[in-house]
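Participant: need a structure here:
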Amino acid sequence: MDIDCLSAENSLPSDLISRVNKKIESSCVYDVAIESPLDFAKKLSLRTKNKVFLKREDLQPVFSFKLRGAYQKIATLSKEEKDLGIITASAGNHAQGVALAASKLGLQALIVMPQTTPSIKVDSVKNLGGTPILHGDSYDDAYDEARRLEKHHHMTFVHPYDDEEVMAGQGTIAKELLTQLSEIDYVFIPVGGGGLLGGMLSYLKTHAPHIKVIAVEVNDSACLYAALKAKKRVILPEVGIFADGVAVKQIGEKPFDIIEELLDDIILVDTDEICAAIKDIFEETRIIVEPAGALAVAGMKAYVKNYGIENKQLVCINCGANVNFDRITYISERALIGDKQEALFAVTIPEQKGSFLNFCEKIGKKFITEFNYRYSDPKNANIFVGIKLQEGQKEGLKKSLEEEFTLIDLTDNEMAKLHIRHMVGGISRISDEILYRFVFPEKPGALLKFLKQIGTHFNISLFHYRNNGSAFGRVLAGIQVPIEKRDTFILHMEQLGYIYHSETDNPAYKLFLK
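Facilitator: A predicted model of the protein is given here:
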């Protein structure tokens, strides 16, 4: 998904852009940061018919570019501001950057993090010299608490992206690029709050205006895309949780001033495309980047395909590698789908001898990645099957199977991918059952809160929980609610305050569970 190209007729740099560029030129980030390598990606280059380069910010001391902006900001504070003490809010990479920067400068830093922050990141902040304070379920909760503490203790707040110095620190990446590669046609930059994009745009469009800069966002956290469409900053009602490094509800004010003026284009990608890009980067570098770290590669692949770009020099910013180990299973599950190399089908076959053999012969010599079945009907069998494919093979296979079987394509069915593939086990005939998918904050008491709010008023008839190492777990729940009590049930769900989606009409539910 993308929008039409923004104006290529960029105006002369504004005062803000000029100030950011001057700060980039005189930046002190190399007291703590390295000039990250620009690696040629041989496999991606062959696949995309371009020359692809990876800017390896995942190799920074805190495995993320965030160190640059944090140090630039803290190092340029006045003595009075430093003496007040440093405070910030972050769920990960910015927190580690601030902790290391403050420690390098001999300062104490308080870092407010959501209670849902994985212990690996909290421990990292401690090891880098910062003092973590756990508060709330989300970054927004932590941010509000940090601003409260800032005023209460008269401390100096370091914003993760909406700050000139922070943008300048991140913008040093652009300066490095222009010295590392003489010819660049496109640069793909991930977007969360916009600090990285704003800083890099300032420098690139001033010193190499011919370079096309493409912003990349996750489709369920696209605050910049929404702002560009509205021509003003907007607040998203909710954001996706997979790429937590860019899960921001509103683009920064200062970054947006620059982005709106200078950006060439923007493209959106989904979770599966990000997982495929993580796999691509691993195959190039043997490094597993975090979801946000693979965003630029995912966007580059989609953009090249959408616009038929060939024989160009493309740069992707690998912005971070702070991934929790237990997320790798989920990533590997989705990577093949993201590269259009796996299809998930629900297929109805006759419940009789030889049906499985007939079905497998119809598939041919393709690899079956998953096969789930349990007897539930004397006439027909519903099977959940994953099939490994080459890109472009799915439609032909579907047409072939549909000549003999009833088939539903579940490849883009989120509930099927998250839950059903792990649950196939028999049909329930429970009356008044409705199905909902929830997102739970990972903190003590979250499940208890759910059960008290829902389970004490209605019978829970199905429950499946998954966590993939993120700050949030995912729950699929079947709940018996008579029609006359549906309004009361919705009220209870609103009181929970969790993200939820109705799945009662999902075909995967009807085939395998209902």
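
Participant: from here on, contacts and neighbour counts on C-alpha atoms
Facilitator: Noted.

Participant: So residue 500 versus residue 270, what's the distance?
Facilitator: From residue 500 over to residue 270 the distance is 19 Å, taken as C-alpha to C-alpha, to the nearest Å.

Participant: likewise residue 102?
Facilitator: Look at residue 102 and residue 270: by C-alpha to C-alpha, they are 35 Å apart.

Participant: These two - which one has more neighbours?
Facilitator: Between residue 102 and residue 270, counting by other C-alpha atoms under 10 Å, residue 102 is the more crowded of the two (25 against 19).

Participant: wait, doesn't that one sit right on residue 72?
Facilitator: No - taking contacts as C-alpha atoms under 8 Å, residue 102 lies outside contact range of residue 72: 10.8 Å.

Participant: Which pLDDT does the model give the residue of the chain positioned farthest from its centre?
Facilitator: In the chain, the residue that sits farthest from the middle, by C-alpha atoms, centre = their mean, is residue 353; the gap is 45.3 Å. At residue 353, the model reports a pLDDT of 70.

Participant: sec struct for it, please.
Facilitator: Put simply, residue 353 is coil when judged by DSSP: H, G, I helix; E, B strand; the rest coil.

Participant: Need phi/psi at it.
Facilitator: Backbone torsions of residue 353, given as degrees, to the nearest 10, read phi -60, psi 130.

Participant: any idea how far it is from residue 359?
Facilitator: Residue 353 is 12 Å from residue 359, by C-alpha to C-alpha.

Participant: Contacts for stretch 472-479 next, please.
Facilitator: 116, 241, 419, 432-442, 458-467 (C-alpha atoms under 8 Å, 6 or more residues apart in numbering).

Participant: That stretch: which residues count as buried?
Facilitator: The neighbour-count check on stretch 472-479 (16 or more other C-alpha atoms under 10 Å) flags 472-479 as buried.

Participant: looking only at pLDDT, what's the mean for that stretch?
Facilitator: Stretch 472-479 comes out at a mean pLDDT of 81.

Participant: do stretch 301-316 as well
Facilitator: Rounded mean pLDDT across stretch 301-316 is 97.

Participant: Quote the end-to-end distance of that stretch.
Facilitator: Termini of stretch 301-316 sit 10 Å apart (C-alpha to C-alpha).

Participant: Please state the offset of that stretch from the chain centre?
Facilitator: Centroid separation between stretch 301-316 and its chain, computed with C-alpha atoms, centre = their mean, to the nearest Å, is 21 Å.

Participant: Other residues contacting it?
Facilitator: 48-55, 183-189, 267, 269, 296-297, 300.

Participant: The spatially closest residue to residue 481 that is not a sequence neighbour: what's it in contact with?
Facilitator: Among residues not flanking residue 481 along the chain, residue 432 sits closest, at 5.5 Å (C-alpha to C-alpha, 6 or more residues apart in numbering). By C-alpha under 8 Å, 6+ apart, the contact set of residue 432 is 479-483.

Participant: Among those residues, name the buried ones.
Facilitator: 479-481.

Participant: pLDDT below threshold where in this protein?
Facilitator: For the chain, the stretches with pLDDT under 70 are 1-13, 118, 374-376, 425-426, 442-447, 451, 453, 455-456, 467-471.
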